[in-house]
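Enquirer: Quick one: sequence plus predicted model below, questions after.
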Amino acid sequence: MRRLLRRRDEAETARRATVGEVAAGEVAAAAAVAMPMAAPDPVSAAFFDVDNTMMRGASIYHFARGLASRGLFTSKDLFRFAMGQLVFRIRGDENPAHIDEARETALAFVAGSKVEEIVRLGEEIYDEVMADRIWAGTRAIAQAHLDAGQRVWLVTATPVELARVIAQRLGLTGALGTVAETENGVYTGRLVGDLLHGPAKAEAVRALARREGLDLSRCSAYSDSANDLPLLSLVGHATAINPDAELREFARQNSWDIKDFRTGRKATMIGLPIAAGAGAVAGGIAAAVALRRYYRSSR
């Protein structure tokens, strides 16, 4: 009898517990308030430069540093590259002949490298070296566009494979970058088109807008460099972020927003800041030298 009563008590307790859980679930569901979700905005998008706009310094330089830390090339190689970038920054050399020379040199070195290996190394090095160099202020602006239902694209002279890694890690829509030709997953040493630099960025965004049905007058663009004036002038809302002197003055004259997330001396940046174009490609030379040595040693 006692066992029977005990079983009844246990059954009743279990029943009450189940009823209580169901009731608690129903009450919680009834009290839940759905957070408002932004309606997708199919005709608006935001475009962000990478180097010194989304990230402190040059992404390709940080990539090269990551390769150096893996012993794929020497500290002397990295120092020589860094000094070259410092001179480039001071001179502001955008001579087309120099850009072409840097491009051809970089492509000669990268020929034969596997795309999947560069992507893998890019993911590792982003997590180790680049993630902490993302400007929190710029990242917040990008997130605000996402929260408004807008697509957010990176637009950079950096190789598109590395640019995509950055975009994916940040949860952005995608990236437009310099495209190198590949065959069977291996770089041929030739570009598809040209460097995504200066006016080429504006043309890439125009082409994307046609494909995606974007209204450029409702789009936004962000950059630190006067080299990106063609892109900034293309959209309805332009913002100068951590701007160089020329872009700052142009932004003031045209009543563009100016945001500066740097501290200390404005002209001094961590990781040797670089103007786009030749600087990014020259950075690729250092990285490509390391990759070339890596593939030779692994065969």
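Expert: Okay, I see it. Numbering: from 1, shown residues only.

Enquirer: Quick one: the helices in the stretch 151-299 of the chain, in order.
Expert: 160-170, 199-212, 229-232, 245-253, 278-298 (DSSP state H, counting those that start in this stretch).

Enquirer: Which of those comes out lowest on mean pLDDT?
Expert: Note on those: lowest mean pLDDT is at helix 278-298, with a mean of 46.

Enquirer: Name all residues that make contact with F250.
Expert: A226, L229, A240, W256 (Cβ atoms under 8 Å, 6 or more residues apart in numbering). All C-beta atoms are positioned from the backbone trio N, CA, C, and that covers glycine.

Enquirer: Now do it against T239, distance only.
Expert: Note on F250: its distance to T239, by Cβ to Cβ, to the nearest Å, is 12 Å.

Enquirer: the longest strand in this structure is where?
Expert: Criterion DSSP state E: the longest strand present in the chain is strand 151-159.

Enquirer: Strands of the stretch 51-200 of the chain, start to end?
Expert: 151-159, 174-178, 180-183, 186-191 (DSSP state E, counting those that start in this stretch).

Enquirer: Now the last one: buried residues?
Expert: Of the residues in strand 186-191, those scored as buried under the neighbour-count criterion (16 or more other Cβ atoms under 10 Å) are V186, Y187, G189, L191.

Enquirer: now what about stretch 120-130, what contacts it?
Expert: Contacts of stretch 120-130 (Cβ under 8 Å, 6+ apart): 55, 59, 62-63, 65-67, 69, 161-162, 165-166, 169, 291.

Enquirer: what do F250 and T239 both touch?
Expert: Common neighbours of F250 and T239 (Cβ under 8 Å, 6+ apart) are W256.

Enquirer: hmm, back to that, would you list the strands of the stretch 51-200 of the chain in JSON lines and tack on distance to A221 and mean pLDDT?
Expert: Formatted as JSON lines, those follow (distance: least, Cβ to Cβ, whole Å; pLDDT from 0 to 100):
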{"stretch": "strand 151-159", "distance to A221": "8", "mean pLDDT": "91"}
{"stretch": "strand 174-178", "distance to A221": "12", "mean pLDDT": "91"}
{"stretch": "strand 180-183", "distance to A221": "25", "mean pLDDT": "87"}
{"stretch": "strand 186-191", "distance to A221": "24", "mean pLDDT": "83"}
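
Enquirer: Turn the ones you listed into JSON lines, columns for distance to F48.
Expert: Shown next, in JSON lines, are those (distance: least, Cβ to Cβ, whole Å):
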{"stretch": "strand 151-159", "distance to F48": "6"}
{"stretch": "strand 174-178", "distance to F48": "9"}
{"stretch": "strand 180-183", "distance to F48": "22"}
{"stretch": "strand 186-191", "distance to F48": "23"}
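
Enquirer: Out of those strands, which is the most enclosed?
Expert: strand 151-159 (a mean of 27; mean count of other Cβ atoms under 10 Å).

Enquirer: Okay, now the unreliable bits of the stretch 51-200 of the chain?
Expert: Residues of the stretch 51-200 of the chain that meet the criterion pLDDT under 70 lie in 72-111.

Enquirer: Provide the secondary structure category for D41.
Expert: Under DSSP: H, G, I helix; E, B strand; the rest coil, D41 falls in the coil class.

Enquirer: tell me the phi and psi of the closest residue to it other than its chain neighbours?
Expert: Closest residue to D41 apart from its sequence neighbours, by Cβ to Cβ, 6 or more residues apart in numbering: G149 at 4.3 Å. When read as degrees, to the nearest 10, the backbone of G149 gives phi 80, psi 10.

Enquirer: And G149, how far from D194?
Expert: Taken as Cβ to Cβ, the span from G149 to D194 is 33 Å.

Enquirer: ok, now G185?
Expert: Using Cβ to Cβ, G185 is found at 23 Å from D194.
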